[in-house]
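*Asks:* Provide a 3D model corresponding to the input given below.
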Amino acid sequence: MSRLRSAVGQFVADIREQKLRTALTILGITWGTVAVVCLLAFGIGLERQTRKRFHGLGDRVAMVFGGRTQKPYQGFPNGRWIRLVEEDVHLVEQEVPEVVLISPEYSGWGTQVRYGRSITNPNVTGVYPSYTYLRNVIPEMGRRFINDEDIEHRRRVAFIGNRVMELLFGDEADPAGVVGKQVMVGMTPFTVVGVMRPKQQSSSYSSRDRDRVFIPASTHHAIVGRRYLNNIVFRADNAEASQVAQRKIREVLGHKYKFDPTDEDALPIWDTTEFERMFEYLFLGFNMFFAIVGSFTLTVGGIGVANIMFVVVKERTKEIGIRRSVGARRLDIMREIFLESMAIVTIGAVLGLILSVGIVYLLSFIPMREFIGTPVISRVVAVVTVMLLALVGMAAGFFPARKAAGLEPVECLRY
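*Replies:* Numbers count the residues shown, from 1 in each chain. Below you'll find the model as predicted:
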């Protein structure tokens, strides 16, 4: 306890003697801490926002499209078009157990949707009830999506995107108020059964869901008269099962349509799981870059701490000699210098963390959340920052402390 009290007293005395020098050194650590925390917080916020927008497309979903064969197969030439039909959905559902959710997707432009004098030209899409879970097309509270009875009875019901609601109903655009009202899809009246809850969506293969009108697939087929699907949407249990499902789907449909199951152009599949994995690697590199840039700034502050401690050792050379001559051990000298270095780093780190929290809080009010997200001081940010500060503090204190401990008492007394 007496040694600790002595070390603290010596540290306070050094600060009083060299106020400006110590303040500038602490400022270097503070600024380095702010750089690390804010850059990593910005990176984490951007990653979360991007994931949120990407998941607007759906979680772990894959889209199967009809394509054109590039390989001859069983006497059939290449260049044949493969067109998907609704029966293929049931075939895949029966033959590929890895698929847990699946829906056809009839999709088309050019059909006007009208309410009163308001007219819009959305994408009118025919789907199954499972589509709501596949694509995160979630109804507003208390409303519903298309159900099995709608499919079975070919009901003329519509689930509309929130943007379509605003365009059609204007001042009356309230999810609770528009349910039950009739809109004209082409020349056919449809009853609105639900409105999509607003969501962020950064990717789409035809149009944003907010700009769509969803109707039962059976009704779409009956009214529009289209035989062929635009695509099939499905989900497997996990990324590995998705790969197996894709291979089996090509085998099953390849057998039906007589094309080589290894011919990926015959049946293109967009697996969002692979796309999301690419995002993971991208943001891993992104955050590592931010951490490296911030650590460089923090290292500069650490060099400042090391420099000031080398100066302290030089100024106290005679004192160190006297202490060594009266019985102080090398470890005692080394501990004292090391603790002083760590104290400077700790003070700078605490000030930097407080300042970082304030900066991140203020940034949350800037209207850019939809695009780059909100900076977040997460557990990862805290752990990385503390680790970097610990490394800088130990490095900045070790070398001056080792030099001080290595001084010979006789040489110190001659200084």
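
*Asks:* when you work out contacts or count neighbours from here on, use the C-alpha atoms and nothing else.
*Replies:* Fine.

*Asks:* Y128: how many residues sit nearby?
*Replies:* 21 (other Cα atoms under 10 Å).

*Asks:* report the contact partners of it.
*Replies:* Residues in contact with Y128 (Cα atoms under 8 Å, 6 or more residues apart in numbering) are 103-104, 146-148, 151, 216-217.

*Asks:* check I249 too.
*Replies:* Neighbouring residues of I249 by Cα under 8 Å, 6+ apart: 92, 96.

*Asks:* do you know how far it is from G45?
*Replies:* Distance, I249 to G45, by Cα to Cα, to the nearest Å: 37 Å.

*Asks:* give me the nearest residue to N147, chain neighbours excluded.
*Replies:* P129 (5.1 Å; Cα to Cα, 6 or more residues apart in numbering).

*Asks:* was I right about the one you found contacting R144?
*Replies:* No. Assessed by Cα atoms under 8 Å, P129 is found out of contact with R144, at 10.0 Å.

*Asks:* that's a strand at V193, yeah?
*Replies:* Yes. According to DSSP: H, G, I helix; E, B strand; the rest coil, V193 belongs to a strand.

*Asks:* before we move on, the earlier item: could I get the contacts of Y128 in a markdown table, plus columns for neighbour count?
*Replies:* Below are these laid out as a markdown table (neighbours: other Cα atoms under 10 Å):
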| residue | neighbour count |
| --- | --- |
| S103 | 24 |
| P104 | 28 |
| I146 | 25 |
| N147 | 15 |
| D148 | 12 |
| I151 | 21 |
| P216 | 30 |
| A217 | 26 |
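
*Asks:* among those, which are in helices?
*Replies:* Mapping the contacts of Y128 onto helices (DSSP state H) picks out 148, 151, 217.

*Asks:* and for the closest residue to the first one other than its chain neighbours, the neighbour number?
*Replies:* What that stands for is D148. In space, and not counting its chain neighbours, D148 is closest to P129: 6.5 Å by Cα to Cα, 6+ apart. P129 has 19 neighbours, counted by other Cα under 10 Å.

*Asks:* the residue nearest to N147 falls within a helix, correct?
*Replies:* No. Per three-state DSSP, P129 lies outside any helix segment and is coil.

*Asks:* show me what contacts it?
*Replies:* Contacts for P129 (Cα under 8 Å, 6+ apart) come out as 103, 145-148, 216.

*Asks:* what mean pLDDT does stretch 242-252 get?
*Replies:* In this model, stretch 242-252 has a mean pLDDT of 92.

*Asks:* give me the buried positions along it.
*Replies:* For stretch 242-252, a neighbour-count test (16 or more other Cα atoms under 10 Å) marks 242-243, 245-246, 248-252 as buried.

*Asks:* assign V100 to helix, strand or coil.
*Replies:* strand.

*Asks:* pretty sure it contacts A236?
*Replies:* Yes. When contacts are counted by Cα under 8 Å, V100 is listed as touching A236 (5.4 Å).

*Asks:* how near is the residue nearest to N147 to P104?
*Replies:* Per Cα to Cα, P129 is found 10 Å from P104.

*Asks:* next: S118.
*Replies:* When S118 is compared with P104 (using Cα to Cα), they lie 30 Å apart.

*Asks:* residue ranges for the helices of the stretch 251-400 of the chain, please.
*Replies:* 272-315, 317-325, 330-363, 369-372, 379-405 (DSSP state H, counting those that start in this stretch).

*Asks:* what angle separates the first one from helix 330-363?
*Replies:* In this case it means helix 272-315. Following axes from the mean of the first three to the mean of the last three Cα atoms, to 10 degrees, one obtains 130 degrees for the angle between helix 272-315 and helix 330-363.
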